[in-house]
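K.L.:
Just to be clear, the model below is a prediction. Sequence and coordinates:
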Amino acid sequence: MDSAPAPEPGSGRAPTDPAAPTILDGWPGGPLGFRQRSIRYHRPRAPFCGRGDCTSCLVRVNGVPNIRACQYRPAPNDRIETENAWPSPRFDLGRILDLLFPHGIDTTRGLLRPSMARPLYQRIVRRLAGYGRFPTPLSPTPPPAARRLEAEVAIVGAGAAGRAVAARLALEPGGTTVILDRTDSGRGPAGATRLYRTAAVFLPPPVTTRDRPFTLWAAGPAGEGIRIDTRHVVVATGGYDANLLFGNGDRPGVLTADGALAFAAGTDPPPFREAVVVGGGPRAAEILDRFGARIGAVVAPASIDPDVVDRATQHGIPLYPRSLLLRARGFGRVTGVDLAARGTGAPFHRRA
């Protein structure tokens with residue numbers, strides 16, 4: 001586990017510079033310089049989605065585990081640590097488990113004998129199944145008191161759809177609107193009660209005999225409980241890029257389109273030297289518009305949209321329609337991919 005109050009290049013330690021928008025933005029080497037280790041086999045991990053939808057950039061902040069480094073804004077006195085690795089995420093002795101058990105550990109049937117060793121087995125399994133230690137708060141201060149709000153409409157999600165709904169409701173006379181989002185990057189219209197860094201937790205079935213039949217429970221930025229009694233609930237949580245199922249799909253260097261765009265926001269350089277794009281639809285066209293000179297190939301399991309073909313032709317990018325991604329090659333980073341044409345095509349390798 002690494003920890004430090006200030007950055008040290010090459011150490012995998014996190015800065016606590018309040019000027020950094022997030023922990024990842026201030027990490028030595030940029031967002032893709034961050035490393036953590038997976039549960040159980042301690043395989044290397046790097047940021048994947050860039051928007052808080054995955055678990056590939058978890059850190060421990062002030063004794064609280066499992067904080068997403070891509071979302072947390074550091075403060076001057078924050079203590080930021082990486083976990084589940086010793087002595088460091090880049091050189092973790094725990095990776096020997098991946099070498100000793102290349103086909104996996106059967107924790108259900110393989111750790112039964114001798115019976116006297118079962119308590120030890122269970123202790124090992126519990127240790128392998130978690131990312132770190134229990135929380136160790138630095139202060140015994142309890143969370144703030146719970147709050148209760150009443151509204152005509154509660155909107156979960158402050159993205160484009162949620163903001164559009166809130167803006168439309170703001171034109172209606174009477175009633176109040178509450179819009180909540182688990183990040184603080186969204187913006188709501190004037191007149192709406194905005195709750196950012198607030199996660200919707202539970203929405204039980206409506207009680208039709210009440211004036212406001214819905215009760216939405218949420219957790220605020222300081223851990224306080226929030227109860228919202230409302231007549232209507234609009235769920236506008238949007239979608240995100242999910243990982244495909246292929247060999248070594250969790251290796252550092254495998255990114256979603258959202259992640260690539262997030263890590264290259266503004267004038268930041270691309271988060272890779274060369275990449276293989278998997279997909280032939282509008283998202284692939286968006287990636288080619290942003291990183292065309294850095295794209296080595298476009299692979300799609302079905303046909304490729306004409307817009308993508310036009311953009312790829314402009315950059316001289318080879319296309320592989322009706323092809324499957326079998327696996328990524330490389331351990332600490334992706335060095336290439338294995339592909340195969342759908343049907344009876346023989347596998348072949350493409351460097352990345």
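P.N.:
Noted; the coordinates are in hand.

K.L.:
quick one: low-confidence ranges for the stretch 151-300 of the chain?
P.N.:
Judged against pLDDT under 70, the low-scoring parts of the stretch 151-300 of the chain cover residues 185-188.

K.L.:
err, the stretch 1-150 of the chain, not the other one
P.N.:
Applying pLDDT under 70 to the stretch 1-150 of the chain picks out residues 1-19, 107, 137-140.

K.L.:
run the last query once more with 50
P.N.:
Scanning the stretch 1-150 of the chain for pLDDT under 50 picks out 1-16.

K.L.:
List the residues that contact Gly238.
P.N.:
Residues counted as contacts of Gly238 (Cβ atoms under 8 Å, 6 or more residues apart in numbering) are 157, 159-161. C-beta coordinates here come from the backbone N, C-alpha and C atoms, glycine included.

K.L.:
so which strand or helix has it?
P.N.:
Counting by DSSP states H and E, no helix or strand carries Gly238.

K.L.:
And for His232?
P.N.:
Using DSSP H and E, His232 falls within strand 225-235.

K.L.:
Now do the SS call for Glu83.
P.N.:
What DSSP: H, G, I helix; E, B strand; the rest coil gives for Glu83 is coil.

K.L.:
Pretty sure Phe331 sits against Asp250.
P.N.:
No. No contact is recorded between Phe331 and Asp250 when judged using Cβ atoms under 8 Å, the distance being 11.5 Å.

K.L.:
neighbour-wise, which of these two wins?
P.N.:
Between Phe331 and Asp250, Asp250 has the larger neighbour count (other Cβ atoms under 10 Å), namely 16 against 13.

K.L.:
what about that one, which SS state?
P.N.:
On the three-state scheme (three-state DSSP), Asp250 is labelled coil.

K.L.:
next SSE after the strand holding His232?
P.N.:
Per DSSP H and E, strand 225-235 leads on to helix 257-263 as the next helix or strand towards the C-terminus.

K.L.:
Mind giving me the packing neighbours of that next one?
P.N.:
Contacting helix 257-263 under the criterion 3 or more Cβ pairs under 8 Å, 6 or more residues apart in numbering; DSSP states H and E are the following elements: helix 282-291.

K.L.:
can you count the residues close to Ala170?
P.N.:
The local packing of Ala170 (other Cβ under 10 Å) involves 14 other residues.

K.L.:
Quick check: the gap between it and Gly191.
P.N.:
Distance from Ala170 to Gly191, counting by Cβ to Cβ, to the nearest Å: 5 Å.

K.L.:
who touches both of those two?
P.N.:
With Cβ under 8 Å, 6+ apart applied, the overlap between the contact sets of Ala170 and Gly191 consists of Thr177.

K.L.:
hang on, the earlier thing: just the ones of the contacts of Gly238 in helices?
P.N.:
Counting by DSSP state H, the contacts of Gly238 place 160-161 in helices.

K.L.:
How far does stretch 69-79 stretch from one end to the other?
P.N.:
Between the opening and closing residues of stretch 69-79 lies a distance of 13 Å (Cα to Cα, to the nearest Å).

K.L.:
Same check on stretch 310-320?
P.N.:
Terminal residues of stretch 310-320 lie 14 Å apart, using Cα to Cα.

K.L.:
again with stretch 206-215
P.N.:
Start-to-end, stretch 206-215 (Cα to Cα) is 7 Å.

K.L.:
returning to what we had before: which other helices and strands contact the strand holding His232?
P.N.:
Using 3+ Cβ pairs under 8 Å, 6+ apart as the contact criterion, the elements in contact with strand 225-235 are strand 147-156, strand 177-181, strand 214-219.
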